[in-house]
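K.L.:
I would like the atomic coordinates for the input below:
(one chain, ligands or ions: 1)
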Amino acid sequence: MAYVALYRSYRPQTFSEVVDQKAVVTTLQNAIVHNKVAHAYLFCGPRGTGKTTMAKIFAKALNCEHGPTPNPCMECEICKGITKGTIPDVIEIDAASNNGADDIRQLRDSVKYLPSVARYKVYIIDEVHMLSNAAFNALLKTLEEPPKYVIFILATTEPYKLPNTILSRCQRFDFQAITDDGLISRIKYVSEKENLKITDEAVKQIATSAEGGMRDALSLLDQVISYSTNNEITIDDVLQVSGNVSSLDLYNILFNLYNHNSVKALELLENLVEKGKEIPKIVSDLTIFLRDILIYKADSTLVNNQIFSNKELESFLKTINNSIIYKWLDILNNTNNQMRFSNQKRMFLDLAFLKMSDAKENEENKLLERLNMLEYTINNLETKIANSKVQQNVIKEVIDPKEILALHKQNEQKNNKPEVIVTDVYEEPTENVFQTDDGNISIKTINELLNASTKEEKEKFLKQWPILKIKYSDNVALNMLLNGQIVAACKEGLIVVLQDEGFCDRVMSYPNYIKVLEILQTIEESIKSFYVIPHNIWLDIRLDYKKKYDAGQTKPILDYRVIPVKLPVKPIISNDENNELEEKLKDIFGETLEIKEN
Ligand SMILES: [Zn+2]
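P.N.:
Numbering: from 1, shown residues only. As a prediction, this is how the structure comes out:
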């Protein structure tokens, strides 16, 4: 006797044998019980989820000699006949190969004749989305007013390809991909019936590879049985046949990428390719593995991957940060998209590995940046505390960048770095206003800089930009600045536009501002200040400037306004703290002292 594929011999014959799809089964059974059977059904869903199987069981339920019944007897001639495929009234049509209008016209003609042995004529049209437009039109007529004894069941994996006229005439059922548990229990059931020895790991791997399709799962089991020479089927057999990559190999790759050992990771990749693993499969396996890691980290009981009980992996999982995993997933996802349209699949994966091995470094830079911010905040707080103890008369201070610079230079000459720069006295703004009372930059400053700006100066900075990038790759604030666009430059100053408002604040904050200014002075010694302006604000300024320029002003004067970018401001003692101070003084002297302001 010819060999019958497992997925054929273990095709469910009754509703109760169907794996998952509870909603579909219940609705169809109820339709029979309540005598509400429609004349056209549409079964949609991924391949191998049991659409045609369900259609045949439904045909039995309708036509069983003891029916119509929600539970066909499986004993009568009709039930047996439908199982064997010998009942002429249950007609299976594969629309992939019979997709012309003529085929459908033939079908339409046959609809006229009464069923020969059964109660209903059931037309099961598989892959219905493959029909031509003419064929759909021919089908439409019949679907609209079929004879009472005719039932259509259309099955498709791609319902969106069907015309609305067809969709609106069918009762639609959506089949879900079969769950891993559903697949696992069925694979185990079949293995038992076939007297197979198979490890749990292997069963799980088959279920994962099948991606929700029962037909794929049982076909793979079939292939593994013919491949395996062992007594017992193991996960290695499954991996060899499916082309999947083992979790251990995936872990080794990721471990090396995490430790910046991209050379070793590329070597491992080469080994896999030599073993015949396909690049897209490796990418998808890596993606699934990373997803499993994320789930495992959230709740270790949700993942039943053997490898996760490995001690070495456990420590890896403890150190790896979720944000790196997300970044890796992004990189793999992009790689997947790029590969789709290219023959150079291997090259894209090589590049992805290099990026993945760098991802952690970028992440570390971010951490470093946060650390810097924290350090700055702590310094700030310390100054604040020191100030509130010592000084009685400081209300608010604003650092003049020229002054900071002078102090800084002075200190440099003394060859010792300033620990905390404090100016005790708040200076009245000089004529050349750098900022307004609240510390914001005034438009006047920007205006003057724009008018003094020259093309030569701008080019001078532009030329040095890439060099700075390499030279100071560890200076986070500078790198934020370098990612911006130079819009104006003169001997004394520079304006850079950044997309991100938060980045502007970072660059303009103390002590970042000073460090960056110093570096800029290596390009133009005379530069005194620079400004980083958010993109949206710059657009307004530029428009205003251009309007005035076009109107004939050679050195336009911009409309007065304050730009909400703050220059480094020294810690401010809040009113609350002042009140506290007052209260303390009152305790000591028994009266309120007037706090002098300079
Ligand atoms: Zn029957």
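K.L.:
so which strand or helix has residue 135?
P.N.:
Using DSSP states H and E, residue 135 maps to helix 133-144.
K.L.:
ok, residues contacting that helix?
P.N.:
By Cβ atoms under 8 Å, 6 or more residues apart in numbering, the residues outside helix 133-144 that reach it are 39-40, 95, 99-101, 103-105, 107-108, 111, 131, 152, 162-163, 165-166, 169-170. Placement of C-beta: from N, CA and C, glycine included.
K.L.:
before we move on, could you check phi and psi at the residue of the stretch 151-300 of the chain found nearest the ion?
P.N.:
Relative to the ion, the nearest point of the stretch 151-300 of the chain is residue 151 (17.0 Å; Cβ to the ion). According to degrees, to the nearest 10, the main-chain angles of residue 151 amount to phi -130, psi 130.
K.L.:
just residue 222 next, same as before
P.N.:
When read as degrees, to the nearest 10, the backbone of residue 222 gives phi -60, psi -50.
K.L.:
Could you pull up the residues touching it?
P.N.:
5-7.
K.L.:
could you pull out the strands for the chain?
P.N.:
Secondary structure of the chain (DSSP state E): strands at 40-44, 90-94, 121-126, 150-156, 171-174, 440-442, 485-489, 493-498, 529-534, 562-566.
K.L.:
Name the residues of this protein found near the ion, please.
P.N.:
64, 72-73, 76, 79 (Cβ under 5 Å from the ion).
K.L.:
for the stretch 351-500 of the chain, what spans make up the helices?
P.N.:
Secondary structure of the stretch 351-500 of the chain (DSSP state H, counting those that start in this stretch): helices at 401-413, 443-452, 455-471, 476-482.
K.L.:
now the helix holding residue 135 and strand 40-44, what's the angle there?
P.N.:
With axes from the mean of the first three to the mean of the last three Cα atoms, to 10 degrees defining the directions, helix 133-144 sits at 130 degrees from strand 40-44.
K.L.:
what's residue 353 in contact with, if anything?
P.N.:
With Cβ under 8 Å, 6+ apart, residue 353 has these contacts: 253, 257, 262, 265-266, 269.
K.L.:
Which of the residues you listed fall in helices?
P.N.:
253, 257, 262, 265-266, 269 (DSSP state H).
K.L.:
rewinding a little: tell me the most buried of the helices of the stretch 351-500 of the chain?
P.N.:
Most buried of the helices of the stretch 351-500 of the chain, by mean neighbour count (mean count of other Cβ atoms under 10 Å): helix 476-482, with a mean of 21.
K.L.:
which other helices and strands contact that helix?
P.N.:
On a contact count with 3 or more Cβ pairs under 8 Å, 6 or more residues apart in numbering; DSSP states H and E, helix 476-482 meets helix 345-390, helix 455-471, strand 493-498, helix 501-508, helix 512-520.
K.L.:
chain center to it, what's the gap?
P.N.:
Remark: helix 476-482 is offset 27 Å from the chain centroid, using Cα atoms, centre = their mean, to the nearest Å.
K.L.:
Export that helix to CSV, keeping only CA atoms.
P.N.:
Provided in CSV are the C-alpha atoms of helix 476-482 (Å, rounded to 0.1, in the frame of the first residue of the first chain):
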residue,chain,number,x,y,z
VAL,A,476,28.7,63.4,24.6
ALA,A,477,27.7,67.0,24.7
LEU,A,478,30.0,67.9,21.8
ASN,A,479,28.7,65.0,19.8
MET,A,480,25.2,66.3,20.3
LEU,A,481,26.3,69.6,19.0
LEU,A,482,28.2,68.0,16.0
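K.L.:
Now do the same contact list for residue 209.
P.N.:
216-217, 220, 238, 242, 244 are the contacts of residue 209 under Cβ under 8 Å, 6+ apart.
K.L.:
again, only using 7 Å
P.N.:
By Cβ atoms under 7 Å, 6 or more residues apart in numbering, the contact list for residue 209 reads 220, 242, 244.
K.L.:
Give me the subset of the contacts of helix 133-144 that lies in helices.
P.N.:
Among those, the members found in helices (DSSP H) are 101, 103-105, 107-108, 111, 165-166.
K.L.:
List buried residues within the residues you listed.
P.N.:
The neighbour-count test (16 or more other Cβ atoms under 10 Å) marks 101, 103-105, 107, 111, 166 as buried among the ones in helices among the contacts of helix 133-144.
K.L.:
Return the item of those having minimum pLDDT.
P.N.:
Of all those, residue 101 has the smallest pLDDT value, namely 79.
K.L.:
Could you dump the helices of the stretch 351-500 of the chain into JSON lines with mean pLDDT added?
P.N.:
Output for those, formatted as JSON lines (pLDDT from 0 to 100):
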{"stretch": "helix 401-413", "mean pLDDT": "61"}
{"stretch": "helix 443-452", "mean pLDDT": "82"}
{"stretch": "helix 455-471", "mean pLDDT": "85"}
{"stretch": "helix 476-482", "mean pLDDT": "86"}
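K.L.:
and of the ones you listed, who's closest to residue 34?
P.N.:
The closest of these to residue 34 is helix 476-482. By Cβ to Cβ, the value is 67.8 Å.
K.L.:
Show me what that closest one is in contact with.
P.N.:
Against helix 476-482 from outside (Cβ under 7 Å, 6+ apart): 365, 368-369, 372, 465, 468-469, 472, 496, 498, 503, 506-507, 512, 515-516, 519, 532.
K.L.:
quick one: which of the strands of the chain is nearest residue 544?
P.N.:
Of all those, it is strand 562-566 that lies closest to residue 544, at 11.7 Å by Cβ to Cβ.
K.L.:
coming back round to it: just the buried ones out of the contacts of residue 353, please.
P.N.:
Buried among the contacts of residue 353 (16+ other Cβ under 10 Å): 253, 257, 262, 265-266, 269.
K.L.:
Check the residues you listed for the minimum pLDDT and say which it is.
P.N.:
Ranked by pLDDT, the buried ones among the contacts of residue 353 bottom out at residue 262 (87).
K.L.:
What sits closest to that one if chain neighbours are left out?
P.N.:
In space, and not counting its chain neighbours, residue 262 is closest to residue 357: 3.9 Å by Cβ to Cβ, 6 or more residues apart in numbering.
K.L.:
so how many other residues sit close to the one you found?
P.N.:
21 (other Cβ atoms under 10 Å).
K.L.:
about what we covered before: which one of the buried ones among the ones in helices among the contacts of helix 133-144 sits closest to the ion?
P.N.:
residue 111 (24.2 Å).
K.L.:
Now for that closest one: which residues touch it?
P.N.:
When contacts are counted by Cβ under 7 Å, 6+ apart, residue 111 touches 142, 146-147, 150.
K.L.:
Kindly report the same for residue 53.
P.N.:
11-12.
K.L.:
where's it relative to residue 41, distance?
P.N.:
According to Cβ to Cβ, to the nearest Å, residue 53 stands 14 Å off from residue 41.
K.L.:
Buried among the residues of the chain next to the ion? Make that a ChimeraX selection.
P.N.:
Selection of the buried residues among the residues of the chain next to the ion in ChimeraX, burial being defined by 16+ other Cβ under 10 Å:
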select :64,72,76,79
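K.L.:
what does the domain assignment say about the chain?
P.N.:
6-174, 180-242, 247-359, 429-566 (automatic domain parsing).
K.L.:
Put the alpha carbons of stretch 31-49 into PDB.
P.N.:
Presented in PDB, the C-alpha positions along stretch 31-49 are these (Å, rounded to 0.1, in the frame of the first residue of the first chain):
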ATOM      1  CA  ALA A  31     -26.100  26.700  13.100                       C
ATOM      2  CA  ILE A  32     -27.000  23.100  12.500                       C
ATOM      3  CA  VAL A  33     -28.800  22.700  15.800                       C
ATOM      4  CA  HIS A  34     -30.900  25.900  15.300                       C
ATOM      5  CA  ASN A  35     -31.400  25.200  11.600                       C
ATOM      6  CA  LYS A  36     -29.700  28.400  10.600                       C
ATOM      7  CA  VAL A  37     -27.400  27.100   7.900                       C
ATOM      8  CA  ALA A  38     -26.200  29.800   5.500                       C
ATOM      9  CA  HIS A  39     -25.700  29.100   1.800                       C
ATOM     10  CA  ALA A  40     -22.200  30.500   1.600                       C
ATOM     11  CA  TYR A  41     -19.300  30.400   4.000                       C
ATOM     12  CA  LEU A  42     -15.900  32.000   3.900                       C
ATOM     13  CA  PHE A  43     -13.100  30.300   5.900                       C
ATOM     14  CA  CYS A  44     -10.100  32.500   6.200                       C
ATOM     15  CA  GLY A  45      -6.800  31.900   8.100                       C
ATOM     16  CA  PRO A  46      -3.200  30.900   7.800                       C
ATOM     17  CA  ARG A  47      -2.300  27.700   6.000                       C
ATOM     18  CA  GLY A  48      -2.500  24.500   7.800                       C
ATOM     19  CA  THR A  49      -5.100  25.700  10.300                       C
END
